[in-house]
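S.K.: Sequence first, then the predicted structure, then my questions.
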Amino acid sequence: IEQSALQNDKLAMLGKIAAAIAHEIRNPLTSIRGFIQLLRPYLLEVGKEEYARIILTEIDRANDIIYEFLNSSKPSAPMKQAISINHLLKEVAILTESEALLRNCEIIVEPVIGGEESIVSIDVKQVKQVILNLLKNALDAVEEVQTERRGRIDIHLNNDGQYVAITIKDNGKGMDKSTMGRLFDPFFTTKQAGTGLGLSVSYRIIRNHGGNISVDSRVGFGTEFTIYLPLAA
Ligand code: ADP
C-alpha cells in the first residue's frame with residue numbers, strides 16, 4: 001500500500017509538471033513536424049527518406065507521452081454517474097472491434113451474469129479509458145503470438161453483491177515475474193513505441209474509485225487482468 005501511494009504521488013507530481021510545460025513543448029514539436037515534411041523530398045533524393053519516417057514516428061511518440069501525461073494530471077476526484085457496467089462493456093467492445101479485426105483477434109464479451117445488471121457509480125470517461133487501455137494491451141500481446149494461434153480476448157463479469165469484477169483475459173504472449181512486478185510503475189514499458197503510462201494511470205483511476213486491479217499471467221499462454229469496482233448502493 002505504501003508503495004502504491006508513493007507511485008500515486010510520483011505520478012501526480014509528474015503530471016502537474018507536464019501539464020505546465022506540455023503546451024510549450026507541443027508548439028515546437030508541431031513546427032519540427034512541419035519542417036520534416038518539407039525536407040522529405042530532399043531526403044528521398046539522397047535515398048534517406050527513412051530518416052524522415054523515424055523522426056515523424058518519434059515526434060508522434062513524444063506527443064503521445066504528453067497527451068497521456070495531461071490525462072493523468074487531471075483532477076483526481078472522479079465525476080461520478082450511476083451506470084450499468086454491462087452496457088459500458090458492450091460500448092467499449094464496439095470501439096475496439098475494428099482494431100481487433102485488423103489484428104485477426106476475436107473479442108468475446110459475456111457481460112450479463114444471470115441476467116443481472118451491475119450498476120456502478122463511476123466517472124464513465126475515466127473507467128472507459130482504463131478498459132480501453134487493458135484491451136489495447138491485450139491486442140498488443142496477442143499480436144506477438146499471431147503466427148502460433150488466433151488471438152482471443154474474453155471479457156466477463158462477476159458480481160458478489162459488493163463488488164463487480166471485470167475480467168479481461170487474453171491468450172497472448174504473457175509476462176514473466178519481473179515484468180509483472182513493474183507493470184504499474186510509471187514509464188515501465190517493454191514496447192518499442194510504448195509510453196509505459198497506460199497501466200499506472202489505469203491503476204490510479206481505479207484506486208480513486210475505491211476499487212482495485214489484479215493481474216495473473218503465464219509466459220506463452222496469456223494474461224488475465226481483473227478490475228474490481230464497488231457496486232452502487
Ligand atoms: P505500454 O502499453 O505503453 O507499454 P502499459 O503501462 O500499458 O504501457 O504496460 C506496461 C507493460 O506491461 C507493457 O509494456 C507490457 O510489457 C506489459 N503488459 C501489459 N499488459 C499486458 C498483456 N495483456 N500481456 C502481456 N504484457 C502486458
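M.R.: Arrived safely, thanks for sending.
S.K.: Get me the contact residues on the protein for the ligand.
M.R.: Neighbours of the ligand within the chain, by C-beta under 6 Å from any ligand atom: 133, 137-138, 141, 170, 172-173, 175, 179, 183, 188-191, 194-200, 223. The way it works is simple: take the backbone N, C-alpha and C, and place the C-beta from them, glycine included.
S.K.: State the mean pLDDT of the top helix by length along the chain.
M.R.: Counting residues, the longest helix in the chain under DSSP state H turns out to be helix 2-45. Across helix 2-45, pLDDT averages out at 80.
S.K.: same deal with stretch 57-64?
M.R.: Computed over stretch 57-64, the average pLDDT equals 85.
S.K.: Not counting that stretch itself, show me its contacts.
M.R.: 25-26, 29, 32-33, 36, 193, 195 (C-beta atoms under 8 Å, 6 or more residues apart in numbering).
S.K.: let's see it at 7 Å
M.R.: Contact partners of stretch 57-64, identified using C-beta atoms under 7 Å, 6 or more residues apart in numbering, comprise 29, 32-33, 193, 195.
S.K.: circling back: report all helices and strands that the longest helix of the chain contacts.
M.R.: helix 49-72, helix 198-208 (3 or more C-beta pairs under 7 Å, 6 or more residues apart in numbering; DSSP states H and E).
S.K.: Next SSE downstream of the longest one?
M.R.: Pointing back at helix 49-72 there. Per DSSP states H and E, helix 49-72 leads on to strand 81-84 as the next helix or strand towards the C-terminus.
S.K.: Export the next helix-or-strand element following that following strand to CSV, keeping only CA atoms.
M.R.: For strand 81-84, the following helix or strand on the C-terminal side (DSSP H and E) is helix 85-102. Taking Å, rounded to 0.1, in the frame of the first residue of the first chain, the C-alpha atoms of helix 85-102 are listed here in CSV:
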residue,chain,number,x,y,z
ILE,A,85,-21.3,-1.8,-16.4
ASN,A,86,-22.7,-4.4,-18.8
HIS,A,87,-23.8,-1.6,-21.1
LEU,A,88,-20.4,0.2,-20.8
LEU,A,89,-18.5,-3.0,-21.7
LYS,A,90,-20.6,-3.5,-24.8
GLU,A,91,-19.8,0.1,-25.8
VAL,A,92,-16.1,-0.3,-25.3
ALA,A,93,-16.0,-3.6,-27.2
ILE,A,94,-17.6,-1.9,-30.2
LEU,A,95,-14.9,0.8,-30.0
THR,A,96,-12.2,-1.8,-30.3
GLU,A,97,-13.9,-4.0,-32.9
SER,A,98,-12.2,-2.6,-36.0
GLU,A,99,-8.8,-2.7,-34.3
ALA,A,100,-9.4,-6.3,-33.3
LEU,A,101,-10.5,-7.2,-36.8
LEU,A,102,-7.3,-5.7,-38.2
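S.K.: Quick one: list the elements packing against the following helix or strand past helix 85-102.
M.R.: The helix or strand immediately downstream of helix 85-102 is strand 105-110, counting by DSSP H and E. Strand 105-110 sits against helix 85-102, strand 151-159, with contacts defined as 3+ C-beta pairs under 7 Å, 6+ apart.
S.K.: Against which helices or strands is the first one packed?
M.R.: In this case it means helix 85-102. Against helix 85-102 (3+ C-beta pairs under 7 Å, 6+ apart) you get strand 105-110, helix 124-143, strand 151-159, strand 163-170.
S.K.: Next, the angle helix 49-72 makes with the helix or strand bottoming out on mean pLDDT in the chain.
M.R.: Least confident helix or strand of the chain, by mean pLDDT, DSSP states H and E, is helix 2-45 with a mean of 80. Inter-element angle recorded for helix 2-45 and helix 49-72: 150 degrees (by axes from the mean of the first three to the mean of the last three C-alpha atoms, to 10 degrees).
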